[in-house]
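S.K.: Sequence first, predicted model second:
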Amino acid sequence: MSIIYDENKKVFKLDTAKSTYAFHVTNDGTLLHLYYGAKIPETDITHMLRIPGDEPFVPAVHDSMGPHSFDCAPMEFPTSGMADFREPCFQLMDKYGMSACECVYKDYRITDGKPKLNGLPATYSRDGDAKTLEIFCTDPHNGMEIVLMYSVFEYCDVITRSVRVKNNGTDPIELRRLLSTCVELDRMDYDMITLYGTWARERHVQRFPLRFGKQSVDSNRGATSHAHNNFIALCEHTATEDFGEAYGFALCYSGSFVAMAEVNQYEKTRVVSGINPYDFSWHLECGEEFQAPEVIMTYSNEGIGGMSRNLHDIMRNNLIRGKWRDKRRPILINNWEATYFDFDSDKLIEIAKEAKKAGIEMLVMDDGWFGHRNSDRSSLGDWFVNEDKIKGGLKKLVDEVNKIGLKFGIWFEPEMISPDSELYKAHPDWCIHIPGRRRNTSRSQLVIDFSRKDVRDYIYSRVKDILSSANIEYVKWDMNRQLSEVGNEVLPPERQREIWHRYVLGVYEMQERLLTDFPDLLLENCAGGGSRFDAGMLYYSPQIWTSDDTDAIERLKIQHGTSLCYPCSCFGAHVSASPNHCVGRITPFKTRGHVALPGTFGYELDVTKLSDEDKNAIKEQIEEFNKYNPLVRNGDYYRIGDPFATDRFDAWEFVSKDKTEALLEYVQVLKEPSVFLQRVRLKGLQSGKYYRCEQNGRVYSAEVLQNSGFDIPDLWGDFMSYIAYFTMV
Ligand code: DGJ
């Protein structure tokens, strides 16, 4: 049983294969967190609660536990204004202007499977692999109903949490914050890991010891952002890739967020995560509900690597949906870095012909095919084919590309509008704006108001018309501007602050419609590179463009960081031209292929300008991709190198779940003199078994490969790569 309620001890215990999560209901209906960590057998654990009776100068609560403070109690769902002075999950404003609130236990329900979250992306149960606990609570003072939802995915050590509130009172209420999860850890001796960055340098890893006070990452940009990802981890100071305790928290959301660890004066750590309360409020009329997004939580005592593998499994199996979830994705060529805006259908056909010869399977036409868009200064919103460029129309082009033997994909940026567009002339009020204020642009564009259904309906009808007009099998959905001057002329004042979240719900609704109308469509999300690389987007698109930085060496860090939370098989990764357009670095074609191999794989260059040698290399790379992709998509991922720690090398490995095969990838970053032997230790193999290396024919015991290591042959020069494939004998 993965969820137990011990009526005597009033303890809820949620068990995965290797972890336990537990909390207690006091006689007064307060929910107190007991434990999250390695699996424990018993439910008689309320002795773990150590709540001092009198905390000097801190308001005391007098209930059946005697006088005590909430300021140091481990709260399962902390609320605002009731003598717990730490970061709350729940805050509102009632008609009297009061913001205090409570969450008092009423009842519970345990069900098989997992219900959907209204309008939001979330993990789902497959073949009964999840159980769900709902805790029904109330605030007796104002009639708010609070439902805490926990789902247990036993097989991959994941517990998801979300919260829904309903105004069952007699007056409207303003919801001021509703964070999705709170986990109270008994100690502070953890490191926090976050993924920070900027454009072309997304999701670099930072790790630092927790200090007293609050440490957080957030976004108030309306999208997850390049600056901080909405995933955080906590691990023991001594935790490594392979050993030690690690907790991961991935928010299944794509808008403004906060993820925080707060260490209090008693050396206890509170972790919270959810929609950023900054500039947020939601008006709840009587009877109205609000659903907060889900947080995917995992615990592993097999190091940071173990944490990542749990997250990869849940995302691959229970978050990504649809036809493409379990399939190898077509190898594509995208014309962005080949042509930027300077292309027409003749150029695309030329690329398609050459790509076909090399074995590529799909042509993606990127930005610049619509309106009069010949630079990034115009036409967003004018989703009409520019027949000066696409001569004879889109269907003619797509048919020709199909005749050559390639599938066809297309780029859209549905969430944006250019002031220089027909759409803006007709509807200057359709962008997010504050009447009378300056409209700041970024990349000469404004954000279309996706909180408005009429606006969404129009944009959707344009996208649908284009997709229905030809055999288009893939869409790259781009988003290249953050939200500012957030307001509109439609919602009443008390609902203006809802626009941030309504906008995100609008994006989700649009993508859901797209997938419903075109169930075979392969959708790839993108946001100025990887600014919306999050679990929310993965529910709609099985792959996300990782970064506009396609340089193989920069990608080592970006992909290493991204892999902390997300499975490699969803990384948009392409071989691009050298010197690289972002950093000017020259790297071997082979290395570019090896670095893109764990991702969705494709090309982003002008194939017509490649040497014969590179064209032949494409054929070899495609063979490798086809051979290893099932292992990459289904296997366990192990980080071996750390590109943040050394410039010498990076390495990683995929091991099949049954441990019969393994792929080691190695990249020599900077060649050093007199390093005669580069030996790397493999991981995850089956002890007691032997493995043959395809590249050198030698048979090794798992023990030798894991304890002594595998010798990488000498590689001459910087940025060289090598792969080794092992099968169990
Ligand atoms: C940003 C994306 O990340 C690029 O790949 C490309 O599609 C451009 N936008 C097009 O404007």
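M.R.: Perfect, I can see it now.
S.K.: what's the following helix or strand after whichever helix or strand residue 651 is part of?
M.R.: For residue 651, the host element (DSSP states H and E) is strand 649-655. Following strand 649-655 in sequence order, the next helix or strand is strand 661-668 (DSSP H and E).
S.K.: Check which helices and strands the following helix or strand past that following strand is in contact with.
M.R.: Sequence-wise, the next helix or strand downstream of strand 661-668 (DSSP H and E) is strand 678-680. Packing contacts for strand 678-680, counted by 3 or more C-beta pairs under 8 Å, 6 or more residues apart in numbering; DSSP states H and E, involve strand 649-655, strand 661-668, strand 710-712. In short, each C-beta sits where N, CA and C put it, glycine included.
S.K.: again, 6 Å this time
M.R.: Contacts defined by 3 or more C-beta pairs under 6 Å, 6 or more residues apart in numbering; DSSP states H and E place strand 678-680 against strand 710-712.
S.K.: Partner strands of the helix or strand following the strand it packs on, with direction?
M.R.: Where DSSP H and E defines the elements, the next helix or strand beyond strand 710-712 is strand 720-728. Strand pairing for strand 720-728, using DSSP bridges, gives strand 661-668 (antiparallel), strand 690-693 (antiparallel).
S.K.: Pick the most deeply packed of those.
M.R.: strand 661-668 (a mean of 23; mean count of other C-beta atoms under 10 Å).
S.K.: Name the residues that touch that one?
M.R.: When contacts are defined by C-beta atoms under 6 Å, 6 or more residues apart in numbering, strand 661-668 is touched by residues 594, 628, 631, 649-655, 712, 715, 720-727.
S.K.: for stretch 302-320, same thing?
M.R.: 123-124, 153, 156-158, 235, 239-244, 246, 248, 298, 300, 538-539, 542, 564-565, 567, 636, 638.
S.K.: how about the CA coordinates for it, as PDB?
M.R.: Taking Å, rounded to 0.1, in the frame of the first residue of the first chain, the C-alpha atoms of stretch 302-320 are listed here in PDB:
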ATOM      1  CA  GLU A 302      21.700   7.400  -4.500                       C
ATOM      2  CA  GLY A 303      23.100  10.900  -5.000                       C
ATOM      3  CA  ILE A 304      22.200  13.700  -7.300                       C
ATOM      4  CA  GLY A 305      22.300  11.200 -10.200                       C
ATOM      5  CA  GLY A 306      19.700   9.100  -8.500                       C
ATOM      6  CA  MET A 307      17.500  12.100  -8.100                       C
ATOM      7  CA  SER A 308      17.900  13.000 -11.800                       C
ATOM      8  CA  ARG A 309      17.000   9.400 -12.900                       C
ATOM      9  CA  ASN A 310      13.800   9.500 -10.800                       C
ATOM     10  CA  LEU A 311      12.800  12.800 -12.400                       C
ATOM     11  CA  HIS A 312      13.700  11.500 -15.900                       C
ATOM     12  CA  ASP A 313      11.500   8.500 -15.400                       C
ATOM     13  CA  ILE A 314       8.500  10.400 -14.300                       C
ATOM     14  CA  MET A 315       8.800  12.900 -17.000                       C
ATOM     15  CA  ARG A 316       9.300  10.400 -19.800                       C
ATOM     16  CA  ASN A 317       6.600   8.000 -18.600                       C
ATOM     17  CA  ASN A 318       4.000  10.100 -16.800                       C
ATOM     18  CA  LEU A 319       4.200  13.700 -18.100                       C
ATOM     19  CA  ILE A 320       5.100  13.700 -21.800                       C
END
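S.K.: starting at the chain centroid, how far to that stretch?
M.R.: Here stretch 302-320 shows a centroid-to-chain-centroid distance of 12 Å under the convention C-alpha atoms, centre = their mean, to the nearest Å.
S.K.: Pull out the buried positions in stretch 644-664.
M.R.: For stretch 644-664, a neighbour-count test (16 or more other C-beta atoms under 10 Å) marks 649-656, 659-664 as buried.
S.K.: Report the two of those separated the most.
M.R.: Farthest apart among the buried residues of stretch 644-664 by C-beta to C-beta are 649 and 660. That separation is 26.6 Å.
S.K.: Quick check: bridge partners of the residue nearest to residue 360 when sequence neighbours are not counted?
M.R.: Nearest residue to residue 360 in three dimensions, chain neighbours excluded: residue 333, at 4.9 Å (C-beta to C-beta, 6 or more residues apart in numbering). Note on residue 333: beta-bridge partners residue 363, residue 603, judged by DSSP bridges.
S.K.: how much space is there between residue 333 and the ligand?
M.R.: 13 Å (C-beta to the nearest ligand atom, to the nearest Å).
S.K.: what's the neighbour count on that residue?
M.R.: 28 (other C-beta atoms under 10 Å).
S.K.: That one contacts residue 355, doesn't it?
M.R.: Yes - proximity of residue 333 to residue 355 meets the contact threshold set by C-beta atoms under 6 Å, at 4.6 Å.
S.K.: ok, now which ones touch the residue positioned nearest the centre of the chain?
M.R.: When the chain is reduced to its mean C-alpha position, the closest residue under C-alpha atoms, centre = their mean turns out to be residue 534, at 2.0 Å. Counting by C-beta under 6 Å, 6+ apart, residue 534 touches 224, 230, 254.
S.K.: name the element residue 206 belongs to?
M.R.: Here residue 206, judged by DSSP H and E, is contained in strand 204-209.
S.K.: helices or strands next to that strand in the packing?
M.R.: For strand 204-209, the helices and strands in contact under the criterion 3+ C-beta pairs under 6 Å, 6+ apart are strand 190-196, helix 552-563.
S.K.: and the angle from that strand to helix 552-563?
M.R.: 50 degrees (axes from the mean of the first three to the mean of the last three C-alpha atoms, to 10 degrees).
S.K.: So for strand 204-209, mean pLDDT?
M.R.: Mean pLDDT, strand 204-209: 98.
S.K.: mind listing the helices for this structure?
M.R.: Taking DSSP state H to define them, one finds helices in the chain at 303-318, 336-339, 345-358, 394-404, 422-426, 453-468, 499-517, 535-538, 552-563, 589-596, 612-634, 702-703.
S.K.: is the second one anywhere near the ligand?
M.R.: Yes - under the criterion of C-beta under 6 Å from any ligand atom, the ligand is reached by helix 336-339 at residue 336.
S.K.: Next, whatever residue of the chain ends up closest to the ligand: phi, psi?
M.R.: Relative to the ligand, the nearest point of the chain is residue 367 (3.5 Å; C-beta to the nearest ligand atom). When quoted as degrees, to the nearest 10, the phi and psi of residue 367 stand at phi -50, psi 140.
S.K.: Residue 413 is in contact with that one, correct?
M.R.: No - judged on C-beta under 6 Å, residue 367 makes no contact with residue 413 at a distance of 7.3 Å.
S.K.: follow-up on the earlier one: so which of the strands paired with strand 720-728 gets nearest residue 85?
M.R.: Of all the strands paired with strand 720-728, it is strand 661-668 that lies closest to residue 85, at 48.8 Å by C-beta to C-beta.
S.K.: if we can go back for a sec, out of the helices of the chain, which is the most enclosed?
M.R.: helix 535-538 (a mean of 27).
S.K.: contact partners of that helix?
M.R.: Under the criterion C-beta under 6 Å, 6+ apart, residues 121, 250, 252-254, 315, 319-320, 525, 544 lie in contact with helix 535-538.
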